[in-house]
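Student: A structural model of the following input is requested.
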Amino acid sequence: MADPKGREGASFSAVLGHENAKNHLQSVLASRQLSHAYLIEGPHGVGKKTLASAFIQALLCEKKGVEACGQCSTCRRFAHGNDPDVKWIRAQEGKNSISVKQIREDLVADISIRPYQGSYKIYLIDQAELLTVEAQNAMLKTLEEPPSYGLIILLAKSSDAFLPTIISRCVKISLQPLSDALVGEGLTRRGIAPERAALAAAFAQGCMGQALSLCENESFEGMREEIFTFLAQIPQLSAYEVMAGARLLERYKGETDMVFTLLLIWYRDVLMDQITGGEESLICLDRAAAIRGCAAYYTQAKVMDIIDTVLDIQDKLRANANRDLAIDCLLMSLK
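Tutor: Residues are numbered from 1 along each chain as shown. This next block holds a predicted model:
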């Protein structure tokens, strides 16, 4: 299966951060001493697919360098998802696992057929943590005795999902979350406004892919506007009006974690304004005046108490506490 999105523009320069991983793979390309299997692990959106694509395109590139030229016919085929020797394997639509049948058909049987054009036949297993135990066992012999042209790359959130026998036969590359500053810088380079980039970076927890998705998510922007407007008005609202905010939070019931992250970012900024008195430390730069008003309304101790309450109620909701009661307790803590 070709990657439906293609990998247009895949290059190591497009990979934000992860310098150790890039250096390792480029040294492999320079020596052409490849392992037959790699396991790239890291959180969703951290850059696993971009890194793997940069590695594969450079490997297949007719220039045989440590970076793809992007111009040769092989680079163009890969960029458009049309290389017959590159197979993407992922859970089938409607399935929450990658089955033994799928691995036997798409990998074990297919790898016995030599490459159509190049020197390599490459298999990328996306969300490889979804491989069943039976599927992992089915690919074990292929990992032990691969053909000389075969290359298997597993992309997964964590290596914890794999059998020890699978892990021992792969070169493991671990990608760690990036700093908020680096993600924000990457977003602004793509033309995203600094205030929006800062908020998306804070939300994304070091994962550039997630930050980009948030910036493209119009419903997130609407939620942000409503939640922040409500929080900014609290100093002028009566206790009754604050409690009526339950209707607003109920509207975003399906996005509870996102709502709570917005609450934490807001009160984090209120606390930073109280401590530093400057805008340079704020995430919500476009709301600096409203944040300053809240900073004057609350004491530092009260803001810290609100942050603790938000975290506590978030944990309780994850443990299936009574939602209406939990939200009422949260709103009472805000006034």
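
Student: ok, C75 touching A58?
Tutor: No - between C75 and A58 there is no contact, the gap being 9.1 Å when judged by Cβ atoms under 8 Å. Any C-beta I mention is one placed from the backbone N, CA and C, and that applies to glycine too.

Student: list residues touching both of those two?
Tutor: Here C75 and A58 have A68 as joint contacts, going by Cβ atoms under 8 Å, 6 or more residues apart in numbering.

Student: domains of the protein?
Tutor: Per automatic domain parsing, the structural domains of the chain span 12-174, 217-334.

Student: can you show me the strands along this structure?
Tutor: Taking DSSP state E as the test, the strands found in the chain are 37-41, 86-89, 121-125, 150-156, 171-174.

Student: dump the ones you listed to a markdown table, plus distance to D324.
Tutor: Listed next are those as a markdown table, based on distance: least, Cβ to Cβ, whole Å:
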| stretch | distance to D324 |
| --- | --- |
| strand 37-41 | 40 |
| strand 86-89 | 44 |
| strand 121-125 | 43 |
| strand 150-156 | 38 |
| strand 171-174 | 42 |
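
Student: picking up where we left off before, can I get the domains of the chain in JSON lines with distance to T188, mean neighbour count and mean pLDDT?
Tutor: Putting the domains of the chain into JSON lines (distance: least, Cβ to Cβ, whole Å; neighbours: other Cβ atoms under 10 Å; pLDDT from 0 to 100) gives the following:
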{"stretch": "domain 12-174", "distance to T188": "12", "mean neighbour count": "18", "mean pLDDT": "92"}
{"stretch": "domain 217-334", "distance to T188": "12", "mean neighbour count": "16", "mean pLDDT": "90"}
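
Student: make JSON lines out of those and add distance to G186.
Tutor: Output for the domains of the chain, formatted as JSON lines (distance: least, Cβ to Cβ, whole Å):
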{"stretch": "domain 12-174", "distance to G186": "5"}
{"stretch": "domain 217-334", "distance to G186": "16"}
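
Student: among those domains, which is nearest A202?
Tutor: domain 217-334 (4.9 Å; Cβ to Cβ).

Student: next up, the contacts around A161.
Tutor: Contacts here follow Cβ under 8 Å, 6+ apart; on that basis A161 touches A128, E129, L131.

Student: any idea how far the second one is from D308?
Tutor: Separation of E129 from D308 (Cβ to Cβ, to the nearest Å) stands at 33 Å.

Student: just the first one next, same as before
Tutor: If you measure A128 against D308 using Cβ to Cβ, the figure is 38 Å.

Student: look up the closest residue to V133, ignoring the ones flanking it.
Tutor: L163 (6.9 Å; Cβ to Cβ, 6 or more residues apart in numbering).

Student: surely that neighbour and E134 touch.
Tutor: No - taking contacts as Cβ under 8 Å, L163 lies outside contact range of E134: 10.7 Å.

Student: if we can go back for a sec, adding distance to L16, write the contacts of A161 out as JSON lines.
Tutor: Formatted as JSON lines, those follow (distance: Cβ to Cβ, whole Å):
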{"residue": "A128", "distance to L16": "22"}
{"residue": "E129", "distance to L16": "23"}
{"residue": "L131", "distance to L16": "28"}
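
Student: out of those, who's nearest G277?
Tutor: E129 (45.6 Å).

Student: wait, isn't that closest one in contact with I166?
Tutor: No - the criterion here is Cβ under 8 Å, and E129 misses it with I166 at 11.2 Å.

Student: quick one: residues contacting E129.
Tutor: A156, K157, S158, A161, F162.

Student: can you do 10 Å?
Tutor: Contact analysis of E129 by Cβ atoms under 10 Å, 6 or more residues apart in numbering lists E41, S97, I98, L154, L155, A156, K157, S158, S159, D160, A161, F162.

Student: then Q314?
Tutor: Here Q314 is in contact with T256, D257, V259, F260, T261, L263, L264, A326, L330 (Cβ under 10 Å, 6+ apart).

Student: and if you look at D315?
Tutor: Contact analysis of D315 by Cβ under 10 Å, 6+ apart lists F260, A321, A326.

Student: which non-adjacent residue is nearest the second one?
Tutor: With Cβ to Cβ, 6+ apart as the measure, I313 is the residue that lies nearest to A321, at 7.9 Å, once sequence neighbours are left out.

Student: can you pull out the helices in the stretch 201-335 of the chain?
Tutor: Applying DSSP state H, counting those that start in this stretch to the stretch 201-335 of the chain gives helices spanning 208-215, 218-233, 239-243, 246-251, 256-276, 288-297, 300-318, 323-334.

Student: got the contact list for M139?
Tutor: 37, 100, 103-104, 107-108, 111, 123, 125, 131, 152, 154, 166, 169.

Student: dump these into JSON lines; add distance to V183 as well.
Tutor: Output for the contacts of M139, formatted as JSON lines (distance: Cβ to Cβ, whole Å):
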{"residue": "A37", "distance to V183": "30"}
{"residue": "V100", "distance to V183": "38"}
{"residue": "I103", "distance to V183": "34"}
{"residue": "R104", "distance to V183": "39"}
{"residue": "L107", "distance to V183": "34"}
{"residue": "V108", "distance to V183": "38"}
{"residue": "I111", "distance to V183": "37"}
{"residue": "Y123", "distance to V183": "30"}
{"residue": "I125", "distance to V183": "26"}
{"residue": "L131", "distance to V183": "29"}
{"residue": "I152", "distance to V183": "30"}
{"residue": "L154", "distance to V183": "25"}
{"residue": "I166", "distance to V183": "31"}
{"residue": "R169", "distance to V183": "33"}
